[in-house]
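Chemist: Any chance you could fold what I've pasted below:
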Amino acid sequence: MSAAGRIREDAPATCCSSVTEVPLGDAEATSLARTYAALSDPVRLRLLSLIASAGEMCSCDLVEPLAKSQPTVSHHTRILAEAGLIDGDKRGRWVYWRVSPKRFDFVSQVLGG
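Modeler: Numbers count the residues shown, from 1 in each chain. Sure thing, here's the model as predicted:
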């Protein structure tokens, strides 16, 4: 067995291998790159922060604090949703956004919480 495949006896048990021990596969690298690309825009980071701090926000309430048009807000929320960072529920003509429960810990870490 290679050194990368060995587990140290004194190492704490973990649920999954570290990326420093096992290289990322194509699918994982693509997913991680999409996530970080979504976070690379200051408007999207601010948008994510607004949603995370409120728990849930209507698209209609994101226009003013971001000082962006509704189509621009929709563009940015779509990118965050495609990256799996936020989930939306359509209620009438508006979408209400919240941090995806699967990504809550990651988003908290990214936003410094």
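
Chemist: Now residue 62: closest residue in space, sequence neighbours ignored.
Modeler: Sequence neighbours aside, residue 73 is the residue nearest to residue 62 in space, at 4.9 Å (criterion: Cβ to Cβ, 6 or more residues apart in numbering). All C-beta spots, glycine's among them, are computed from the backbone N, C-alpha and C.

Chemist: secondary structure element for that neighbour?
Modeler: Using DSSP states H and E, residue 73 sits in helix 70-82.

Chemist: Can I get the helix or strand of the chain with the lowest mean pLDDT as CSV, trimmed to CA atoms?
Modeler: Across the helices and strands of the chain, mean confidence by mean pLDDT, DSSP states H and E is lowest for helix 104-110: a mean of 87. Coordinates of each C-alpha in helix 104-110 appear next as CSV, following Å, rounded to 0.1, in the frame of the first residue of the first chain:
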residue,chain,number,x,y,z
PHE,A,104,-24.9,25.5,6.2
ASP,A,105,-21.7,24.7,8.0
PHE,A,106,-19.6,25.5,4.9
VAL,A,107,-21.4,28.9,4.4
SER,A,108,-21.0,29.7,8.1
GLN,A,109,-17.3,29.0,7.8
VAL,A,110,-17.0,31.1,4.6
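
Chemist: For residue 71, see how far away the residue positioned nearest the centre of the chain is.
Modeler: The centre of the chain sits closest to residue 85, judged by Cα atoms, centre = their mean, with a distance of 3.1 Å. Distance, residue 85 to residue 71, using Cβ to Cβ, to the nearest Å: 20 Å.

Chemist: now residue 94
Modeler: For residue 94, the distance to residue 71 - Cβ to Cβ - is 14 Å.

Chemist: ok, now residue 43?
Modeler: As defined by Cβ to Cβ, residue 43 lies at a distance of 13 Å from residue 71.

Chemist: Those two: who's more crowded?
Modeler: residue 43 (15 against 9; other Cβ atoms under 10 Å).

Chemist: Please identify the helix or strand for the more buried one.
Modeler: Here residue 43 sits within helix 42-54, counting by DSSP H and E.

Chemist: Please apply the same query to residue 89.
Modeler: strand 86-91.

Chemist: where's the helix or strand that comes right after that strand relative to the chain centroid, distance-wise?
Modeler: For strand 86-91, the following helix or strand on the C-terminal side (DSSP H and E) is strand 94-99. Computed by Cα atoms, centre = their mean, to the nearest Å, the separation of strand 94-99 from the middle of its chain amounts to 14 Å.
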